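J.: Structure for the following, please:
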Amino acid sequence: MIIKSAEFKGVFVDWRKLPEVDLPEIALLGRSNVGKSSLINKILNRRNLAKSSSTPGKTRTINFYLINQSFHLVDLPGYGYARVSRTEQQKWGQIIENYLKNRKQLRGVIHLLDIRHEPGENDVLMKEWLSHYDIPILMVVTKADKISRGARPKHLQAISRKLNLDPGFKPLVFSAETGEGTEELHEAIEEIITVNKGVTGDGSSVTPCHPASN
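T.: Purely as a prediction, here's the structure:
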């Protein structure tokens with residue numbers, strides 16, 4: 001996939017007011033400070049298209065990016081930031097759930113994890129929730145430049161064990177600093193759009209791009 005154009009199309013707080021455009025969508029999910037904005041900028045080859053917040057947990061909106069005039073990348077609110085009240089966390093969780101269960105244009109989810117840390121409770125719950133609703137998942141581990149290549153297998157094994165991933169399945173390894181994994185991520189996104197013709201909350205018309213054990 002070659003990125004010919006990338007535009008920021010707006011922010012939304014209510015999934016019912018999202019753009020009614022008949023284009024496929026791929027959503028990005030992950031804990032606060034997992035590096036979603038950095039990943040977006042790197043894979044789209046745009047320096048400041050997605051703005052990184054200096055305060056983790058500050059992003060509370062659904063952010064839309066139009067790519068190649070043919071599909072949307074949808075940046076969902078980060079979850080799991082401890083300093084945010086439980087009420088606020090539940091509010092954000094409802095935004096995420098409503099989008100994932102009801103958005104007809106959704107083709108799949110890129111689930112981001114920090115390679116340096118074992119998945120937390122919210123990461124596990126999110127993976128299980130996506131699997132339950134048969135929503136296609138592309139698992140991507142970020143910040144690969146922060147650890148040595150020799151240490152990667154140990155970290156990837158810990159992530160796979162905690163998330164109960166299928167034996168032999170390895171998440172895509174990515175670094176916004178070095179660009180590692182960018183080409184593979186381009187190919188995976190193109191595959192998601194091509195293979196998955198639509199996702200609904202009831203699990204119809206779904207072909208998981210990276211199936212994971214429940």
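
J.: Am I right that residue 180 falls within a strand?
T.: No. Under DSSP: H, G, I helix; E, B strand; the rest coil, residue 180 sits outside any strand and is assigned coil.

J.: tell me the phi and psi of it?
T.: Here is the backbone geometry of residue 180 (degrees, to the nearest 10): phi -60, psi 130.

J.: Could you do residue 118 as well?
T.: For residue 118, the backbone dihedrals (degrees, to the nearest 10) come out as phi -60, psi 150.

J.: separation between it and residue 157?
T.: Here the criterion is CB to CB, to the nearest Å. By it, residue 118 lies 10 Å from residue 157. Any C-beta I mention is one placed from the backbone N, CA and C, and that applies to glycine too.

J.: out of the two, which sits in the busier spot?
T.: Set residue 118 next to residue 157 and count neighbours by other CB atoms under 10 Å: residue 118 wins out with 14 against 11.

J.: residues touching the more buried one, list them.
T.: Shown in contact with residue 118 (CB atoms under 8 Å, 6 or more residues apart in numbering): 158-159, 162.

J.: Return the member of those nearest to residue 180.
T.: Distances from residue 180 to those, taken as CB to CB, are shortest for residue 159 (16.8 Å).

J.: And that closest one, how close does it get to residue 145?
T.: Taken as CB to CB, the span from residue 159 to residue 145 is 17 Å.

J.: likewise residue 152?
T.: 11 Å.

J.: cool, and residue 32?
T.: 20 Å.

J.: When these two are compared, which one has more neighbours?
T.: A count of neighbours by other CB under 10 Å puts residue 32 above the other of residue 32 and residue 145, at 21 against 14.

J.: That one contacts residue 112, doesn't it?
T.: No. Contact criterion CB atoms under 8 Å: residue 32 and residue 112 do not qualify, at 10.9 Å.

J.: ok so, going back, ok, and the most crowded of the contacts of residue 118?
T.: Of the contacts of residue 118, with other CB under 10 Å as the count, residue 159 tops at 21 neighbours.

J.: Check the secondary structure at it for me.
T.: Residue 159 - assigned by three-state DSSP - is helix.

J.: want to throw the contacts of residue 118 into CSV with distance to residue 20 and pLDDT?
T.: CSV is the format used below for the contacts of residue 118 (distance: CB to CB, whole Å; pLDDT from 0 to 100):
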residue, distance to residue 20, pLDDT
158, 42, 94
159, 37, 95
162, 38, 94
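
J.: Helix or strand: which one has the residue nearest the centre of the chain?
T.: Computing the C-alpha centroid of the chain and ranking residues by CA atoms, centre = their mean puts residue 28 first, at 2.4 Å. Per DSSP states H and E, residue 28 falls inside strand 25-30.

J.: Which helix or strand in this structure has the lowest average pLDDT?
T.: helix 86-102 (a mean of 74; mean pLDDT, DSSP states H and E).

J.: Test my guess that residue 185 contacts residue 172.
T.: Yes. Residue 185 lies in contact with residue 172 (CB under 8 Å); the separation is 6.3 Å.

J.: got any residues that touch both of the two?
T.: By CB under 8 Å, 6+ apart, the residues touching both residue 185 and residue 172 are residue 140.

J.: Good, we can wrap up now.
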